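In: Output the structure for:
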Amino acid sequence: MTPSAPGLSPAATPAATGRRDPGRPPRRPRRPRWQRSRGPLALAVSIAVTAGGLGACGAGRNALGTNTGPCFLALPVAKRAVAGRGKLAGVRLVDMAKLTSPGDRALHDLLALLPVPPPHDICLVAYTGHFTLGQVAQPAGLPPPGGVGKYAIAVITTPKSALLGTFVVRRLPLTFNRAHVGF
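Out: Below you'll find the model as predicted:
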């Protein structure tokens with residue numbers, strides 16, 4: 001360090017600029033409170049919170065957040081049933097024993113037209129487009145008025161994914177979309 005020049009104040013010398021005491025080493029800048037060293041307990045808590053949060057993100061998502069998870073295995077069968085025409089409108093898992101409310105009457109009547117009674121659980125896969133009974137595999141039910149329907153609904157068993165029949169309808173007998181998926 002250079003000694004102070006006579007007649008100059010200690011703050012005016014180059015060695016003393018920015019220091020309170022020229023003989024003392026400079027202080028390290030203070031870290032913000034949140035950056036101060038964490039103890040082993042704080043580190044363990046942050047790891048546990050992170051692991052718990054990541055574990056909760058994957059919990060219960062093996063069925064894509066809905067109860068239709070088993071029906072996604074039926075998508076290739078449904079696509080063959082409509083010969084690759086149209087756009088996927090939705091997938092639903094239907095428990096036949098629970099079709100008892102008056103709102104389920106249209107679906108129940110439609111499924112009664114199948115040549116084989118449906119088993120306990122079935123998957124309904126709907127496609128939107130323009131369909132005739134001649135364009136779908138195993139057509140079931142009556143043709144829609146005018147012969148062309150806006151929707152084709154493939155009825156597929158679960159878990160073996162066997163096609164029971166395909167309906168061509170003007171309107172869907174139940175909703176296939178969800179307002180909230182759970183994300």
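In: quick check, Ala74 in a strand?
Out: No - counting by DSSP: H, G, I helix; E, B strand; the rest coil, Ala74 is not part of a strand but helix.
In: mind checking the SS state of the closest residue to it other than its chain neighbours?
Out: Nearest residue to Ala74, sequence neighbours excluded (Cβ to Cβ, 6 or more residues apart in numbering): Ile156, at 4.1 Å. For glycine as for every other residue, the C-beta is placed from the backbone atoms N, C-alpha and C. For Ile156, the secondary structure call by three-state DSSP comes out as strand.
In: my guess is Ile156 contacts Val77, does it?
Out: Yes - if you go by Cβ atoms under 8 Å, Ile156 and Val77 touch, sitting 5.4 Å apart.
In: Report the set of residues contacting both of those two.
Out: Taking Cβ atoms under 8 Å, 6 or more residues apart in numbering as the contact rule, Ile156 and Val77 both touch Ala162, Leu163.
In: before we move on, back to that, could you point out the bridge partners of the residue nearest to Ala74 in the sheet?
Out: Under the criterion DSSP bridges, Ile156 forms beta bridges with Cys123, Leu163.
In: Please report how far it lies from Gly147.
Out: Computed as Cβ to Cβ, to the nearest Å, the Ile156 to Gly147 distance reads 24 Å.
In: of these two, who's got more company?
Out: Ranked by neighbour count (other Cβ atoms under 10 Å), Ile156 and Gly147 place Ile156 first, with 24 against 11.
In: what about stretch 111-125, start to end distance?
Out: Using Cα to Cα, to the nearest Å, one end of stretch 111-125 lies 13 Å from the other.
In: May I see the buried residues of it?
Out: The neighbour-count check on stretch 111-125 (16 or more other Cβ atoms under 10 Å) flags Leu111, Leu114, Pro118, Asp121, Ile122, Cys123, Leu124, Val125 as buried.
In: Kindly report the same for stretch 143-152.
Out: Pro144, Gly149, Lys150, Tyr151, Ala152.
In: Phi and psi next, for the fourth one.
Out: This means Tyr151. For Tyr151, the backbone dihedrals are phi -130, psi 150 (criterion: degrees, to the nearest 10).
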